[in-house]
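Student: Model the following, please.
(chains A and B)
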Amino acid sequence: MSHNSVDKLVKMANQIATFFTAQKSGDPVAGMAEHLAKFWEPRMRAAIIEHAAHGGAGLDPFALEAVKRLPPVSVG
Amino acid sequence: MTLIKETDFGTPESKSEKMVTLTIDGKSVTVPEGTSIMRAAMEAGTEIPKLCATDSIKAFGSCRLCVIEVEGRYGTPASCTTPVAPGIAVKTQTPRLAAIRRGVMELYISDHPLDCLTCAANGDCELQDMAGAVGLRDVRYGYDGANHVFARNNGEANFDWKPKDESNPYFTYDPAKCIVCNRCVRACEEVQGTFALTISGRGFDSRVSPGMDEAFFESECVSCGACVQACPTATLTEKSVIEIGQPEHSEVTTCAYCGVGCTFKAEMRGEEVVRMVPWKDGKANHGHSCIKGRFAYGYAHHGDRILKPMVRETIDQPWREVSWDEALTFAADRMKAIQTKYGKNSVGAITSSRCSNEETYLVQKLVRAGFGNNNVDTCARVCHSPTGYGLNQAFGTSAGTQDFDSVDDADVILVIGANPTDAHPVFGSRMKKRLREGAKLIVVDPRRIDLVRSPHIEADYHLPLKPGTNVAMVTALAHVIVKEGLVNEAFVRERCDQDEFRDWAEFVSQDRNSPEALESVLGVPAADIRAAARLYATGGNAAIYYGLGVTEHAQGSTAVMGIANLAMATGNLGRRGVGVNPLRGQNNVQGSCDMGSFPHELPGYQHISGAKAREVFEKDWGVKLDSEPGLRIPNMFDTALEGQFKGLYVQGEDILQSDPDTRHVSAALANMELVIVQDLFLVETAHYAHVFLPGCSFLEKDGTFTNAERRIQRIRKVMSPKNGYGDWEITQMLANRLGMNWSYSNPSEIMDEIARLTPSFAGVSYEKLDQDGSVQWPCNDASPDGMPIMHINGFARGKGKFVITEYVATDEKVGPRFPLLLTTGRILSQYNVGAQTRRTDNSRWHEEDVLEIHPHDAEERGVRDGDWVKVQSRAGETTLRALVTERVAPGVVYTTFHHPSTQANVVTTDNSDWATNCPEYKVTAVQISVSNGPTEWQEKYRELSVSARRIATAIDAAE
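Tutor: Residues are numbered from 1 along each chain as shown, chains lettered A, B, ... in the order given. Just a heads-up that it's a prediction; the model follows:
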C-alpha cells in the first residue's frame, strides 16, 4: 500500500488504541489485536504489520504492540 | 382480492384488565372496564350509527347520532361517551332513537351538497352511509337561507361559503362538504400531535381552520394524512382519489421509507395505486403515517425511471440501451476478467438497505459464494454500524432492545442525537403522545430540535452540547449517577460483570469526568447535566432513544457503549418502558445487517472466522468460504485508489451522494473497471457506472423488510415490475452468469433458506408472517412468536459488560481557518439522498438544502437570511443558501444532504469511527462566507451530471 494509505491505517490504528488503552479488564493489547483480526481485511493487516516491522513510524506504542501481536497474513 | 376494510370500533380500546358484562339488544357482552357502549356494541357485531366518532381518537360526543337507551336510565346518552357498566341493558334501536337520528341527519344534510354521484367520496362516505343507516328520506328544511354549500345565494355572494383549498399537493379541503365533526382536528392533535388544525368560530360559524385560517400548505400542517383518514366525508380527500376514483382491491404492504416500518394498505384500481392508507393492525404504526409513506410513492412512475438495462465501455461514453442478456453477460464477463487479472479480492458489492431481506441476502451470498471473498458492505456502515458494534459488546446482540409500543410505559425519555419528529415521524408522534401524557423528556442535541419545544411538548432539559462531545456527555451523566449513589445496585449485581462494573464506576467517578470539569468541553451548564442525570436515574422507567447524532462520530461506538452503560447502571433494561433504542435510518437497514451484509459477518451476526457457522453455509451453498473479513465501504474506496479494487456491484445505494468526502469517493469509483449500479434512476453513483440494471420499487415485488424494532414484515407485489424483474431476480440472473446455478422461483424460498441457516430466524416463514402479520426476531424454538423486549431475564452475552468510555476529542477541530462546526441531518419531507422524495411533490416542502446559521455567526460574516454562502472545509467547498436561525447554537452550522446540487458531502471529511469506520458526518470544521454563486466543483459536477446521463439515441433494444 502506498504511503498515503499507510498513513490512514496508522491513524485508524491509533484511534483504536485510544479506546483499548483506557480499558482495565483483561488484556487490552490482546483486545486491540483481536479487533484488528476480526475487522480489518487481510491486505490492511498485512500493510500495518509490514509498517510495524519497519519501525511503525507514527504508531502509538500501544498500537504498535498490538500490531506486533498479529499473526502473519498471507494475502492471496 | 378485495378491498380490506378495517372495523371501526368508534372509540379506542380500553387497556383495563377488569371485565364488565352487560347486555346490548338482549345479547350478553363482556368487555374491559372503560370501554364505551359504542365499542362494546361493535365488538358484539352491532354498528351504532356515528359520525364524530372513530377509534383512532377519543370520544367527543358531538354528532348525537350514536344515541342509545339504557334501561332504567333517563334520556338518550351518546354511546361513544358513555362507558359500559355491569348489568346494564342497552337498546341501540327504538322508535325514539330512530326519530332522533333521522332528525340529526336531516339537519346535517340540510347544509351539505347533494352531489353524491359526482363526489370523490362516493362509495367511501360515512355521511352517505349514515343517511342510509338512519333511513333519511326527506330534508324538510331545504337550502334557502344561511348555508355553507353555495357560492352564491339568490345571486348574492354567500360569505359563509369558502372555496376549496387545493394548496396541499396531495389532498384537498372542501369546506362546503364539512360537517364540523372535529375528527380532523382531533386526529391532528391526538394522533399526529402537530396541532395544526382548529375550529374557528362557534355555532353555525364553526369552520375547520388550518393555523390562523391559512391555506393548508401555508399552515403548520405536516401533511401526515391523519386528518384525511379521519374525515368521514369528501371534505378532506386525496387528490389521487379525485383523479382516479375509488379503489377496488388492496394489499397490506410495508413502507419503503424510514426504519419505523409502517404498514399500509396499498389501495388499487387494477395495477394503479389509488392511495396508500396506513393499516390499523400495523404493529409499528397502528394506523398512522407520515407525508412520505402516505403520499410520496409517485417516484415509482416518475419519467426519470430507467426501465431498460444499459451498458458502456467507459464512463465517458453515453449509455447504450441493451437487452437484459447483453447487460448481464457484459457485467459477468468483465467481473470475471477483473478477478482473473487482479485477483479474487479485487471485487465486491454493496447491498441495499432499501431492498428486501431476500434481495440483500442474495447479494451477500453472491459475494461470498460467487466472488469467493467477503467484500460486501451496506449503508449501515455509514449510519448504525457503531450500534452493531457497541450493543454487541455490551449486551451480546446488536439490535435495539424494545418494541415501539414500549414507549407507552416510559416515564422518562432521553433522546440523544436523534430527531424523531423529522426522521422517524410516526414514532415521533407516538413519543409526543406519551410526553403529553406526562412523561419527562431530556434532549441531548446541539440543535434545538422540534421536540425541545413544540405545541404541548417541552423538554425538561435540553443539553445543547458541542458536536463531537457525546462521549464526554454520557460519561458526565454516569459520573452523577455513580457519585450521587443512584446506581441500581441489585440490577448490576445480578446482571453485570462485577469487575468491569467496578473499573467503570471508578473511571466515571474521577473528578475530571464530572459535569463541572467537562462544562467547557461540552458547553452545557453542569447543573443541567446533574439534574438530567438525576431525572434519568430516578424518574421511573427511563428509555433512551438515539440516532445518527450518536453513531456518526470518531467515537461513535464508544458513545453507544456509554449509552448501554447508563441503561445497565440504572437497571433500565429488560422490561417495557425502558431500554436502549437505536432509531434506524433506512427502511431495511436493520434487515440488511441481519442478512449478513457486513464483511465480517454471515447472516445472523455470525462472525466469518467461526468455523462452525461457516460450515453450515458451506454445506448448504456447496462452496468453501473465505474465513477472513472483507473490505468495508471506506476500505473499498481506499483500496480502489490503490488500484487493488476494480469491480463493484451496487444495489440500491447512492454512495456518491451519501458517503462523505465526495471527491475521494468519485476518484475511487473512477479508478474501477466495472461499476454495476442497480437502481430505479440514474443516481449520482451511476455517473461512474459501466452497467446499469434497472431496479424496481417496493410496490412491484414480494419480500420482507425488518424495521428498527427487529420486526419482520411483508412487502407485497401490487403491480408488475415496470422494468420486467424484481431486484432479487436480477441478482439471480447475474449470479447465474457467474456460475451460481440458482433457481429461486419466489422470494419465500429465499426466506426459507435464511431460516434454515440463521438461528435467530429459524422460525420465520412467509406462512408465519401471513398468519401473524409480523414477528420480531429472534424467532426460533426458544421464542416461537418472536421477542418484543430483549434481555428480560439476562443478557444475550451472559453478564452485561461495562466499558470504559474515555473521551478523546476528534481530530476535526475548529481553528482560525475553520472556526465553525458543521453538522448534518434530515428533514421530514425528504428521505436520505432524496432519489425517491425529490421525484415527488414532497420537494415543495424542501426545494433545496439550506445552511442553518446562528444570527451571531451570520452577522459577523455579513450573511443575511437567504444569501448564497460558501461552506469551506479541509475536504472541499460548496455553496448553498443561508437560513439565519437560533435553532443552532453559536459556533454550529447545520445542513441536510437531500439534494445532489448542494453536495454537502464535498465538505465532510474521511474521518471515521475507530471501531467501524462509520464516517464522522456530524462534525466538520468549516468557514462560512458570502458567495456569488456555485463553486467551481459544483459547476463541474453539474456538467458531469448532464454528460454522464447521456443515452445514445440509436436504440438497440432487441430482447
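Student: Secondary structure class of the residue nearest the centre of chain A, three-state.
Tutor: What sits nearest the mean C-alpha location of chain A, by CA atoms, centre = their mean, is residue A:67, with 4.0 Å. Assigned with DSSP: H, G, I helix; E, B strand; the rest coil, residue A:67 falls in the helix class.
Student: Please verify my assumption that residue B:851 contacts residue B:867.
Tutor: No - Residue B:851 is not in contact with residue B:867 according to CB atoms under 8 Å; the separation is 9.6 Å. Every residue, glycine included, has its C-beta placed from N, CA and C.
Student: what is in contact with the two at once?
Tutor: B:881, B:882 (CB atoms under 8 Å, 6 or more residues apart in numbering or on different chains).
Student: More neighbours: the two, which one.
Tutor: residue B:851 (28 against 17; other CB atoms under 10 Å in any protein chain shown).
Student: distance of that one from residue B:721?
Tutor: Residue B:851 is 40 Å from residue B:721, where distance means CB to CB, to the nearest Å.
Student: Which pLDDT value does the model give residue B:905?
Tutor: Looking at residue B:905, its pLDDT stands at 86.
Student: show me what contacts it?
Tutor: With the criterion set at CB under 8 Å, 6+ apart, residue B:905 makes contact with B:657, B:658, B:659, B:660, B:661, B:662, B:665, B:897, B:921.
Student: how about the longest helix seen in chain B, does it reach chain A?
Tutor: When chain B is parsed with DSSP state H, its longest helix is helix B:324-342. No - with CB under 8 Å from any CB of the partner chain as the criterion, chain A is not reached by helix B:324-342; the gap is at least 11.7 Å.
Student: Next secondary structure element downstream of that helix?
Tutor: As assigned by DSSP states H and E, the chain's next helix or strand after helix B:324-342 is strand B:347-351.
Student: picking that back up, quick one: the residue nearest to the centre of chain A and residue A:60 touch, right?
Tutor: No - between residue A:67 and residue A:60 there is no contact under CB under 8 Å: 10.1 Å.
Student: So the residue nearest to residue B:929 when sequence neighbours are not counted: helix, strand or coil?
Tutor: Among residues not flanking residue B:929 along the chain, residue B:870 sits closest, at 5.1 Å (CB to CB, 6 or more residues apart in numbering or on different chains). Here residue B:870 is recorded as strand under three-state DSSP.
Student: Do you have the strands of chain A handy? List them.
Tutor: Here chain A has no strands by DSSP state E.
Student: Buried ones in the lengthiest helix in it, by neighbour count?
Tutor: Determined from DSSP H, the single longest helix within chain A is helix A:3-22. For helix A:3-22, the buried set under the neighbour-count rule, 16 or more other CB atoms under 10 Å in any protein chain shown, comprises A:5-6, A:8-22.
Student: Repeat that for stretch B:231-248.
Tutor: Neighbour-count burial for stretch B:231-248 [16+ other CB under 10 Å]: B:231-242, B:244, B:246-247.
Student: what separates that stretch from the chain centre, distance-wise?
Tutor: Taking CA atoms, centre = their mean, to the nearest Å, one finds the center of stretch B:231-248 at 25 Å from the center of the full chain.
Student: In contact with the residue in the stretch 701-850 of chain B positioned nearest to chain A, which residues are there?
Tutor: With CB to the nearest CB, the shortest gap between the stretch 701-850 of chain B and chain A falls at residue B:806, namely 3.7 Å. Residue B:806 is in contact with A:18, A:19, A:21, A:22, B:471, B:507, B:558, counting by CB under 8 Å, 6+ apart.
Student: Which pair in the buried residues of stretch B:231-248 has the greatest spatial separation?
Tutor: Greatest spatial distance in the buried residues of stretch B:231-248: B:232 and B:244, 20.6 Å, computed using CB to CB.
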